[in-house]
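# Predicted coordinates and the sequence they were generated for:
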Amino acid sequence: MNDGRRLGVGGLVFFGALATRLVGVAATSLTALNPYAKADADRFAVSAAETAATLAAGQIPVIPTDPNRIVTLWGFFLSPLWLLPGPNRLYGRVFVALLGAFAVYGLYRLTSALHSRKAGIVPTLPLICYPSFVFIHSTILRESFVLAGLVWATVLLSGAVSVPAWIPNDIGPAWFPSGTVRLVAGTAVLGVISIVRWENLPLYALAIGTGVAVGYRDVLTRVRIAVAAGVSTLVGLTVARPMVRSALDFLVVKRRRRSRGRTVYLPGFLPDTIPKAVAFAPVGAIYFLFTPFPWMVEQAADVVVFVQAIGNVVAAGFAILGVPVLWRRSKRTTTALIAAFVVGTVLYGLVNANVGANVRQRQMFLWVLFLFAGVGVAERVDLTERFERLS
C-alpha cells in the first residue's frame, strides 16, 4: 500500500471521528439531548470567561497551585477561546471535538504501527461511534484533552512510529537523537495533561517504569534484581503502611463524594481497610468498565449506555486474544499498557460509585482495551477484503 493510501485511511479515520463529534456539537448547541453539556461544563465555561476577562483587562490571572482546583485550571486552558469575538462556548466545543478526533487518529496510528493497518481501524470504531464518546467530546469537558494526551504520549514513548513531521529528527548535537526527542516530548505531554488530571501521575510513572524495566530486562542480572528486591522490601516495610493508610483515606473521601446521583451503586461500601480494598478490587474494576448492568437500566438513556457496555464486554473478549499477539511484537509497550490499565481500573473502581462518572472516566482506559481488541479481531477475522475496499 502506498503512502497516499495510508494517508487516505488515516484521513478517513480522523474526519470520520471529527464528523460525528461536530454532529454532537450541533445537537448539544441546538437541543437539550446531551446530558454532559451542563453541570461541570457550565462551571468550566464560567471559569474560562473569568480568566479571559482578567487577560482582556491587561492583568495576569492567578494560576492555582492546588491541583484540586480543576475548574479553574481547565478554565485557564480554555480561556483563549473566550478572548475571541462570537460564540465562545461553540468555539470551545469545536476545539474539544478536534482534540477527540486527534485522539482517535492517534489510536489508529499506534495500533497500525504495533500490528497492522487492518487492526488499526478496529479500535477506532467505538471511539467514532459510541454516543458517550461523541457527546462528551462535543462539550467543553476535559476528557478529550486527557485522552489525546494519553494516546499520543504512548505513540511517542513506545517508539512504535516515527517522530511526527513537526518534530525535527535531529535537534542540536549528535548526542540528542530523535529517540530522546520522543522521550522528552512524550513525558512533556503527560505532564501537561496531569495539570487537569493529577491523580493519574502514579499510573504514568508505573507505565513508564514497567516499560523501561522490560525493555532493559536483559541488562539486569539476577544479582541486581535480588539487591533491588531486598532494598525495596526494606523501604516498603518502613514507609508502605502509612502511605497505604493515606491512600485509603483518599479513596474513601473520593468514593463518598461520588456516592450520589440517580445512577449510584453500592453506596454503602467503603475501601477503608486493606482486606476490604483487596477483596473488592476486581468487583470495582468490573463495575467501572462494564456498567450499567441490565438491572440498573431505568431510562431510555440508560439503554444507550447499556449497549455500549455490552460492546465493552465483547472488546474484552477479543482483547484477551490480542494481548499475547502484541506481547510477541512489542513486550515493552504491551507490559506498560497492561500495568497502567489494570492498576488504573482497579483504583477507579474503588473510588467510583456512579455509572455517570464511570462513563466519563473510563474513556481514559477503554482505548487500551480497544487497542488489544483490534489486534485480536485482526488475528481472528479476515479483514483483508474489507480493508482493501476502504483503501
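The structure has been received and is ready for your questions.

# average pLDDT across stretch 89-99?
Average pLDDT, stretch 89-99: 97.

# who's in contact with that stretch?
With Cβ atoms under 8 Å, 6 or more residues apart in numbering as the test, stretch 89-99 has contacts from 18, 21-22, 24-25, 28-29, 45, 48, 78, 81-82, 84, 137-141, 144-145, 147-148. The C-beta positions use only the backbone N, C-alpha and C, and glycine is treated the same way.

# The same query, at a cut-off of 7 Å, please.
The contact list for stretch 89-99, computed with Cβ atoms under 7 Å, 6 or more residues apart in numbering, reads 18, 21-22, 25, 28-29, 45, 78, 81, 84, 137-141, 144-145, 148.

# Output that stretch in CSV with nothing but the alpha carbons.
Output in CSV follows, covering the C-alpha atoms of stretch 89-99 (Å, rounded to 0.1, in the frame of the first residue of the first chain):
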residue,chain,number,x,y,z
ARG,A,89,-18.7,28.2,24.0
LEU,A,90,-19.2,26.9,20.5
TYR,A,91,-15.5,27.6,19.8
GLY,A,92,-14.7,25.5,22.9
ARG,A,93,-16.9,22.6,21.8
VAL,A,94,-15.3,22.6,18.4
PHE,A,95,-11.8,22.7,20.0
VAL,A,96,-12.7,19.7,22.2
ALA,A,97,-14.1,17.9,19.2
LEU,A,98,-10.8,18.4,17.3
LEU,A,99,-8.9,17.0,20.3
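
# quick one: buried residues of that stretch?
R89, Y91, G92, R93, V94, F95, V96, A97, L98, L99 (16 or more other Cβ atoms under 10 Å).

# Excluding chain neighbours, what is closest to V192?
Leaving aside its sequence neighbours, V192 sits nearest to G149 (Cβ to Cβ, 6 or more residues apart in numbering; 6.5 Å).

# if we can go back for a sec, now which of the contacts of stretch 89-99 would you call buried?
If we count by 16+ other Cβ under 10 Å, these have these buried: 18, 21-22, 25, 28, 45, 78, 81, 137-141, 144-145, 148.

# Flag the least confident of the residues you listed.
Within the set of the buried ones among the contacts of stretch 89-99, pLDDT is lowest for T28 (92).

# For F306, pull up the helix or strand it's in.
helix 300-329 (DSSP states H and E).

# which regions of the stretch 51-200 of the chain sit below the pLDDT cut-off?
160-179 (pLDDT under 70).

# Walking through it, point out its helices one by one.
70-78, 88-114, 117-121, 124-129, 131-136, 143-158, 178-194 (DSSP state H, counting those that start in this stretch).

# Which elements pack onto the fourth one?
Pointing back at helix 124-129 there. Counting contacts by 3 or more Cβ pairs under 7 Å, 6 or more residues apart in numbering; DSSP states H and E, helix 124-129 is packed against helix 3-30, helix 88-114.

# that older thread, any idea how far the helix or strand following the helix holding F306 is from the chain center?
Following helix 300-329 in sequence order, the next helix or strand is helix 331-351 (DSSP H and E). Distance of helix 331-351 from the chain centroid (Cα atoms, centre = their mean, to the nearest Å) equals 11 Å.

# So what's the residue count around A378?
Applying other Cβ atoms under 10 Å, we find 25 residues neighbouring A378.

# about what we covered before: could I get the helices and strands packed on helix 124-129 as JSON lines with distance to V368?
JSON lines is the format used below for these (distance: least, Cβ to Cβ, whole Å):
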{"stretch": "helix 3-30", "distance to V368": "18"}
{"stretch": "helix 88-114", "distance to V368": "10"}
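
# For the stretch 151-300 of the chain, which segments are assigned as strands?
In the stretch 151-300 of the chain, no strands are defined using DSSP state E, counting those that start in this stretch.

# Quick check: the farthest pair among the buried ones among the contacts of stretch 89-99?
L18 and A45 (22.0 Å; Cβ to Cβ).

# List the contacts of stretch 292-311.
Against stretch 292-311 from outside (Cβ under 7 Å, 6+ apart): P35, P126, Y130, P131, S132, Y265, F290, T291, V355, V359.

# Kindly check the end-to-end length of that stretch for me.
12 Å (Cα to Cα, to the nearest Å).

# Let's test this: mean pLDDT of that stretch, rounded?
pLDDT averaged over stretch 292-311 gives 93.

# Thanks a lot, catch you later.
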